[in-house]
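>>> what follows is a predicted protein model with its sequence.
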Amino acid sequence: MQTEIIILAIETSCDDTSCAVLKNRKVLSNVVSSQQIHRMHGGVVPELAGRDHLRYLIPVIDEAIKLSGTEPKQFSAIAVTRGPGLPGSLQVGVNAAKSLSMAWQKPLIAVHHMRAHILSLFIEKEGQQPPEFPFLCLTVSGGHTQLVLAENPYDFKIIGKTLDDAVGEAFDKAAKLLGLPYPGGPIIDRLAQSGDENKFSFSPYYGKGLDFSFSGIKTSFLYFLKENTQHNQNFIRDHLPDICASYQKHLVGELMKVTRRALESYPLKNLVISGGVSANSKLRKEFSLLEKEGIRVFFPLPEFCTDNAAMVGITAYFDYQRGFFSDLNIAPLPRWNVFM
């Protein structure tokens with residue numbers, strides 16, 4: 001087995017154009033170009049996302065290779081996100097990776113986006129220890145909310161998922177109702193720092209299993225704003241930090257409640273939190289308290305929380321070791337629900 005594995009990885013599943021180069025588990029470069037065009041629309045516009053990937057991917061790849069100090073002949077494989085994600089965005093990345101694989105005569109590795117989020121915890125970083133298998137993972141992002149049982153780098157089982165909206169979407173939709181710019185989740189988090197999280201309350205989801213639901217809270221939040229602004233047109237302006245803090249507390253509370261159920265059913269001592277929402281300060285604070293109960297809690301480094309190619313590269317590193325390569329005739333899988 002090759003001792004020095006160098007992977008060039010591409011990520012274009014949504015609205016971030018990214019390329020990274022990894023040597024084994026160490027990141028040599030990780031370039032991310034976040035598309036700004038969606039801010040004026042209050043959310044990601046799929047067609048615009050695909051066009052911007054076409055515009056920026058080649059320059060991003062060039063920069064990643066330059067910053068890494070490597071050259072194509074050194075690469076062991078080309079990795080790319082195959083799904084899930086936006087069809088047009090995925091197509092740009094997959095076509096580019098297939099072209100590079102053929103041009104440079106390097107094997108191709110197709111990566112599952114959500115598995116990559118989880119394995120981002122295994123990127124080598126000084127002072128950071130990866131979790132030990134098996135572990136439970138809560139994956140929270142704008143498109144997914146899942147509980148996953150990870151037996152090893154290749155064996156993942158979804159044991160709980162959202163029945164409707166993802167928690168990241170619940171943050172962003174609330175921010176839009178509050179008149180905040182997109183993406184709204186980080187802005188709510190920032191405003192909540194100076195707010196009273198006990199000022200307002202919202203109806204909880206009364207499910208008993210390991211699945212999540214956030215559509216109800218979004219509807220509840222909409223009516224909450226309508227009712228209060230009828231009595232005070234300046235209600236949002238007068239109470240914005242308190243509204244953000246209270247809403248954030250509710251969402252994090254729902255995540256914690258279901259995760260505790262999962263830990264009762266699967267009594268593991270290692271819990272991983274991954275995905276873009278794992279950067280939320282309230283979530284990190286609350287879930288870190290589980291350490292007092294003997295649960296080791298792991299979060300990705302901030303630069304690896306949101307979509308990036310480094311997480312694609314670390315996933316491909318594990319697949320390369322097992323010889324899991326892809327055919328050059330692969331197509332994107334926008335609804336790739338089964339971990340591979």
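Received it, and whenever you're ready, just let me know what you need. Numbering: from 1, shown residues only.

>>> look at Ser13 and tell me its secondary structure.
Here Ser13 is recorded as coil under DSSP: H, G, I helix; E, B strand; the rest coil.

>>> ok, it - how many residues close by?
By the criterion of other CB atoms under 10 Å, Ser13 has 27 neighbours. All C-beta spots, glycine's among them, are computed from the backbone N, C-alpha and C.

>>> likewise for Met114?
By other CB under 10 Å, neighbour count at Met114 equals 25.

>>> list of residues touching the host helix or strand of it?
Element membership for Met114 (DSSP states H and E) is helix 113-119. By CB atoms under 8 Å, 6 or more residues apart in numbering, the residues outside helix 113-119 that reach it are 11, 13, 81, 83-85, 137, 139, 141, 144, 146, 148, 150, 153, 156, 272, 274-275, 300, 307, 311-312, 314-315, 318, 336, 339-340.

>>> could you flag which of the residues you listed are buried?
For these, a burial check counting by 16 or more other CB atoms under 10 Å picks out 11, 13, 81, 83-85, 137, 139, 141, 144, 146, 148, 150, 153, 156, 272, 274-275, 300, 307, 311-312, 314-315, 318, 336, 339.

>>> stretch 307-320: how far from the chain's middle?
13 Å (CA atoms, centre = their mean, to the nearest Å).

>>> now it: mean pLDDT?
The predicted model assigns stretch 307-320 a mean pLDDT of 97.

>>> for it, output the C-alpha coordinates as PDB.
Output of stretch 307-320 as PDB, limited to C-alpha atoms (Å, rounded to 0.1, in the frame of the first residue of the first chain):
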ATOM      1  CA  ASP A 307     -18.900  22.800   3.000                       C
ATOM      2  CA  ASN A 308     -15.200  22.400   2.000                       C
ATOM      3  CA  ALA A 309     -13.100  20.100  -0.200                       C
ATOM      4  CA  ALA A 310     -10.800  19.100   2.700                       C
ATOM      5  CA  MET A 311     -13.600  16.900   4.100                       C
ATOM      6  CA  VAL A 312     -14.000  15.300   0.700                       C
ATOM      7  CA  GLY A 313     -10.200  14.600   0.600                       C
ATOM      8  CA  ILE A 314     -10.100  12.900   4.000                       C
ATOM      9  CA  THR A 315     -13.000  10.700   3.000                       C
ATOM     10  CA  ALA A 316     -11.200   9.800  -0.200                       C
ATOM     11  CA  TYR A 317      -8.100   9.000   1.800                       C
ATOM     12  CA  PHE A 318      -9.900   6.200   3.600                       C
ATOM     13  CA  ASP A 319     -11.500   5.000   0.400                       C
ATOM     14  CA  TYR A 320      -8.100   4.900  -1.400                       C
END
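
>>> what's whichever helix or strand comes after the helix holding Met114 in contact with?
Scanning forward in sequence from helix 113-119 by DSSP H and E, the next helix or strand is strand 135-140. When contacts are defined by CB under 8 Å, 6+ apart, strand 135-140 is touched by residues 114, 117-118, 145-150, 166-168, 255, 259, 262-263, 266, 268, 270-278, 283, 287, 298.

>>> what's around the closest residue to Arg25 other than its chain neighbours, how many residues?
In space, and not counting its chain neighbours, Arg25 is closest to Glu124: 3.9 Å by CB to CB, 6 or more residues apart in numbering. Applying other CB under 10 Å, we find 14 other residues in the vicinity of Glu124.

>>> and for the one 3 residues further on?
Using other CB under 10 Å, Gly127 is surrounded by 4 other residues.

>>> how near is it to Asn270?
The spacing between Gly127 and Asn270, counted by CB to CB, to the nearest Å, is 18 Å.

>>> of the contacts of strand 135-140, just the buried ones, PyMOL syntax please.
Buried residues within the contacts of strand 135-140, by 16+ other CB under 10 Å, are selected in PyMOL with:
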select buried, resi 114+117+118+145+146+147+148+149+150+166+167+168+255+259+262+263+268+270+271+272+273+274+275+276+277+278+283+287+298
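
>>> the contacts of strand 135-140 in helices, which ones?
Mapping these onto helices (DSSP state H) picks out Met114, His117, Ile118, Val167, Gly168, Leu255, Thr259, Ala262, Leu263, Leu283, Phe287.

>>> of the residues you listed, which pair is most distant in space?
Based on CB to CB, the longest span within those runs between Gly168 and Leu263 and measures 22.3 Å.
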